[in-house]
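K.L.:
Quick one: sequence and predicted model below, then my questions.
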Amino acid sequence: MSAPATAPPTAPAPPAAPSLGKDLLGLEGLTRAQIELVLDTAAPLRAVSERAIKKVPTLRGQTVVNLFFEASTRTRVSFEFAEKRLSADTVSIASAGSSVSKGETLVDTARNLEAMKIDTVVIRHGSSGAARFLAERIDSTVINAGDGTHEHPTQGLLDLLTLRDRFGALDGRRVCIVGDVLHSRVARSNVFGLQALGAEVAVCGPRSLLPNAVDALGVKVFDRVEAAIEWAEALNVLRLQLERMQAGYIPSVREYNRVFGVTRERLERAPRDLLILHPGPMNRGVEIDSDVADGPHSVILDQVTNGVAVRMAVLYLLAGGRPDLAEAARGPA
Amino acid sequence: MSDAPEARPLLLAGGRVLDPSQGLDVAAGDVLLVGGRVEHAGERVGRPDDATVVDCAGLVVSPGFIDVHCHLREPGREDVETIATGARAAAAGGFTAVCAMPNTDPVTDNQAAVGFIVRQAQRAAASRVYPVGAITLGQRGETLAEFGEMVGAGAVAVSDDGKPVVSAHIMRTALEYARTFGIPVANHCEEPTLAHGGAMNEGAVSMRLGLKGIPSEAEEIMAIRDILLARRTGGHVHLCHMSTAGSVDLIRWGKARGIRVTAEVCPHHLSLTEDAVEGYQTNAKMNPPLRTAADVEALQAAVRDGTIDVVATDHAPHHYDEKEREFADAPNGIVGLETALGVIVTWLVAPGVLSYAQLVDRMACAPARVFGLPGGTLRRGAPADVTVFDPERRWTVDPATFRSKGRNTPYAGRTLQGRAVATVVAGGIVYDDRSTPA
């Protein structure tokens, strides 16, 4: 059949529903719609964890491998809970017991796993870009559970969910990330995610722990935590890795606490109540005082709860986002 | 390369004869090579009865290119490159001579090791290979190697390339001692406590990618240290693979004061920025790292005005699976011998930054001048080392076709302009690509 001289008029295509694609490697480049899709999916999934039988059949028959090349308890356990509550079959591999310690390369490890017909790899790795490296070389879905000092997207998403629960929309909200931004994967994911949802973002810390080119992220920079507290509506307090002191980035933990510690005294001088977030584990008395961490404005445990829900949402959405499974995931109203 | 000159005269006929060393630029001239020496270069000459004639119409005939900085990996990593494959890659890139850096295994830090490279190069019978000896034993930065014995065995310079000479005292001593033998001391300028294990340029891209950065100052601090030590000692310091606008300023400062400082820049630092690392591309990982557009612009200007004397490749082959890994763990370096000419023509000559005469000077004449090597000119009596290249030929980089064992290049798939079509060493053709269609 010959083609018509002019194409017949067609109705404009409806806007494509957002999807996450094959992998979740970072929040950089994700659209507002994609992020909201995860948060909107996560919110009802929290209910699964409230039930007596904390399990839905959403990922039944799927295999998820948790490949942790770096020590992590919280994130690994959170992912494992998320996977099990979605009925996935899971295997967790830590680097100490893996072939990596025998010299096998990351790509060889991944190819071997894939040859065993897995569906999803959750990877934590000490090298920035490792998750992307893997995703480009295997067909399975890859979820970045933290790569070097690059990104930790599910941590960013759970922070966003926690903030959204308290603030509603994040448009125009002022969030300051306090601490070692230079070495923090959490900070990058937070900046990208918060900006995508319309929040204003600032960072605060000693200049030796802020990236030299941090301005390029489009964030405000505070040298003094008092100024950050005066400006912000929420503080995301980063863990100070104690080895930074030995590496010469700061003179002492004591001085860090005195200059940059988020203390009750400093918060009491703030013009408003601030939400306090922390990705954990905390160094109490260093970056955050106990009476702040355990205080009325702390949402730190909410973050932990939301972590499981966000990871369930990510696993579900990347597994295909089938509507029937979505219903199953939601369970009875 | 065999020292035996080609017996039959070779007439490179009808090409653009371009030799900045003697201000020669003849639109359609001849170069006649007899007995391994240049007999004539310039206007057309008669054809000797027994001469082999190569039609060079539409091609540029210039002194053979010389690369003062490459890594041939032998001895130690013959799986990655050998002197023979490196020399053939050099010939395919239009280089009639290359200087092999000493970071082999074992390190080229004694006369026996230097002699080994000389012999292997003779067997290879391709481009000439000049060994560079180490500055310090084992490149450990502690004890000077025996410069005199190495020079006696064929070394043309000393360098601990791959590792900076951290001790200012050792660097000073090396510059003083090298004067006895009239050789340059080539240093990899990197202040290690500032580079601090970085994997790429420090800036906005490294921040987004979460990669540890190397600030420009890591290079510049050591560059100015070396320039000041050259001033103090009267020695000749050659600064390897410069990458920053600040380094250019420092070299300019030194030269203006008559200090014996020369410098080189690599094609990749003249053409690519840190953006090439996006996506954690390990074939864009090198040391010094790719910098910013402002740095590239300053480096281009420095090549044009001669502040930077030489274009050198820093050819650094690696096995593909060494690059096929996490960015921070991947080795530094790319191959460069076979793409250098195309990159320089594409990024510098075609846009009007450099003339072809300047290109030939920076890739042939100046390297010979700076390292005191034979060649780099078509004057009568000079070694019959000649590069014939097609300035218009467009070609797409396909690493699978490289003569080098290395495939690690960020230019794969790129279309370049300019390619060597014949490489002549000691009057004999060691590479001939005239039959390949453009």
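P.N.:
Yep, it's here. Numbers count the residues shown, from 1 in each chain, chains lettered A, B, ... in the order given.
K.L.:
Now do the same contact list for A:Asp264.
P.N.:
Just to correct that, residue A:264 is Arg rather than Asp. A:Asp289, A:Asp291, A:Val292, A:Gly295 (CB atoms under 8 Å, 6 or more residues apart in numbering or on different chains). Quick note: C-beta positions are derived from backbone N, CA and C, even for glycine.
K.L.:
Give me the nearest residue to it, chain neighbours excluded.
P.N.:
Distances taken as CB to CB, 6 or more residues apart in numbering or on different chains put A:Asp291 closest to A:Arg264, at 4.8 Å, once the chain neighbours are dropped.
K.L.:
who touches the helix or strand harbouring that neighbour?
P.N.:
Assessed by DSSP states H and E, A:Asp291 sits inside helix A:290-293. Residues outside helix A:290-293 that contact it (CB under 8 Å, 6+ apart) are A:Val262, A:Thr263, A:Arg264, A:Leu267, A:Ile276, A:His278, A:Met282, A:Arg284, A:Ser298, A:Ile300.
K.L.:
Would you format those residues as JSON lines with pLDDT included?
P.N.:
Shown next, in JSON lines, are these (pLDDT from 0 to 100):
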{"residue": "A:Val262", "pLDDT": "97"}
{"residue": "A:Thr263", "pLDDT": "97"}
{"residue": "A:Arg264", "pLDDT": "96"}
{"residue": "A:Leu267", "pLDDT": "96"}
{"residue": "A:Ile276", "pLDDT": "98"}
{"residue": "A:His278", "pLDDT": "98"}
{"residue": "A:Met282", "pLDDT": "95"}
{"residue": "A:Arg284", "pLDDT": "95"}
{"residue": "A:Ser298", "pLDDT": "97"}
{"residue": "A:Ile300", "pLDDT": "97"}
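K.L.:
Next to chain A, which bits of the stretch 151-300 of chain B? Give me the list.
P.N.:
By CB under 8 Å from any CB of the partner chain, the part of the stretch 151-300 of chain B that sits against chain A consists of B:202-204, B:206-213, B:215, B:279-280.
K.L.:
The nearest residue in space to B:Asp433 that is not next to it in sequence: what's it in contact with?
P.N.:
Nearest non-adjacent residue to B:Asp433, counting by CB to CB, 6+ apart: B:Val421, 4.8 Å away. Neighbouring residues of B:Val421 by CB under 8 Å, 6+ apart: B:Leu59, B:Val388, B:Phe389, B:Asp390, B:Arg393, B:Asp432, B:Asp433, B:Arg434, B:Thr436.
K.L.:
top of the residues you listed by neighbour count?
P.N.:
In terms of neighbours by other CB atoms under 10 Å in any protein chain shown, the contacts of B:Val421 top out with B:Phe389 at 29 neighbours.
K.L.:
Name the spans of the chain whose pLDDT lies under the cut-off.
P.N.:
All of this is about chain A. Residue ranges of chain A with pLDDT under 70: A:1-16, A:96-103, A:320-333.
K.L.:
that's the wrong chain, I wanted chain B
P.N.:
B:1-6, B:435-438.
K.L.:
which two in the contacts of B:Val421 are spaced the farthest apart?
P.N.:
Maximum pairwise distance in the contacts of B:Val421, criterion CB to CB, is 14.2 Å, between B:Arg393 and B:Asp432.
K.L.:
before we move on, back to that, let's have the contacts of helix A:290-293 in JSON lines, adding secondary structure.
P.N.:
Below are the contacts of helix A:290-293 laid out as JSON lines (DSSP: H, G, I helix; E, B strand; the rest coil):
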{"residue": "A:Val262", "secondary structure": "strand"}
{"residue": "A:Thr263", "secondary structure": "coil"}
{"residue": "A:Arg264", "secondary structure": "helix"}
{"residue": "A:Leu267", "secondary structure": "helix"}
{"residue": "A:Ile276", "secondary structure": "strand"}
{"residue": "A:His278", "secondary structure": "coil"}
{"residue": "A:Met282", "secondary structure": "coil"}
{"residue": "A:Arg284", "secondary structure": "strand"}
{"residue": "A:Ser298", "secondary structure": "strand"}
{"residue": "A:Ile300", "secondary structure": "helix"}
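K.L.:
Any of the residues you listed buried? List them.
P.N.:
Among these, those buried by neighbour count (16 or more other CB atoms under 10 Å in any protein chain shown) are A:Val262, A:Thr263, A:Leu267, A:Ile276, A:His278, A:Met282, A:Ser298, A:Ile300.
K.L.:
between these, which is nearest chain B?
P.N.:
A:His278 (20.3 Å; CB to the nearest CB).
K.L.:
Go ahead and confirm that closest one touches A:Leu240.
P.N.:
No. A:His278 is beyond contact range of A:Leu240, at 11.0 Å (criterion: CB atoms under 8 Å).
K.L.:
Tell me the residues that contact both of those two, please.
P.N.:
A:Glu287.
K.L.:
Would you list the buried entries among the residues of the stretch 151-300 of chain B next to chain A?
P.N.:
Buried residues within these, counting neighbours by 16+ other CB under 10 Å: B:202-204, B:206-213, B:215, B:280.
K.L.:
Can you name the two of those residues that sit furthest apart?
P.N.:
B:Pro215 and B:Tyr280 (20.2 Å).
K.L.:
residues in contact with the closest residue to chain A within the stretch 301-438 of chain B?
P.N.:
Nearest to chain A in the stretch 301-438 of chain B, going by CB to the nearest CB, is B:Glu326, at a distance of 3.6 Å. Counting by CB under 8 Å, 6+ apart, B:Glu326 touches A:Leu106, A:His125, A:Ser127, A:Gly129, A:Ala130, A:Phe133, B:Tyr280.
K.L.:
neighbours around the residue nearest to it when sequence neighbours are not counted, how many?
P.N.:
Nearest residue to B:Glu326 in three dimensions, chain neighbours excluded: A:Ser127, at 3.6 Å (CB to CB, 6+ apart). Residues within reach of A:Ser127, counting by other CB under 10 Å, total 24.
K.L.:
hang on, the earlier thing: any idea which helix or strand comes after the helix holding A:Asp291?
P.N.:
Moving toward the C-terminus from helix A:290-293, the next helix or strand (DSSP H and E) is helix A:300-318.
K.L.:
CA atoms only for that next one - export them in PDB, please.
P.N.:
Once non-C-alpha atoms are left out, helix A:300-318 reads as follows in PDB (Å, rounded to 0.1, in the frame of the first residue of the first chain):
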ATOM      1  CA  ILE A 300      15.100  10.700  62.600                       C
ATOM      2  CA  LEU A 301      13.100   7.600  63.400                       C
ATOM      3  CA  ASP A 302      10.400   8.600  60.900                       C
ATOM      4  CA  GLN A 303      13.200   8.500  58.300                       C
ATOM      5  CA  VAL A 304      14.000   5.000  59.200                       C
ATOM      6  CA  THR A 305      10.400   3.900  58.900                       C
ATOM      7  CA  ASN A 306      10.100   5.700  55.600                       C
ATOM      8  CA  GLY A 307      13.300   4.100  54.400                       C
ATOM      9  CA  VAL A 308      11.600   0.700  54.200                       C
ATOM     10  CA  ALA A 309       8.500   2.200  52.400                       C
ATOM     11  CA  VAL A 310      10.600   4.100  49.900                       C
ATOM     12  CA  ARG A 311      12.700   1.100  49.100                       C
ATOM     13  CA  MET A 312       9.600  -1.000  48.600                       C
ATOM     14  CA  ALA A 313       8.300   1.600  46.200                       C
ATOM     15  CA  VAL A 314      11.500   1.700  44.200                       C
ATOM     16  CA  LEU A 315      11.700  -2.100  44.000                       C
ATOM     17  CA  TYR A 316       8.100  -2.200  42.900                       C
ATOM     18  CA  LEU A 317       8.300   0.500  40.300                       C
ATOM     19  CA  LEU A 318      11.500  -0.800  38.800                       C
END
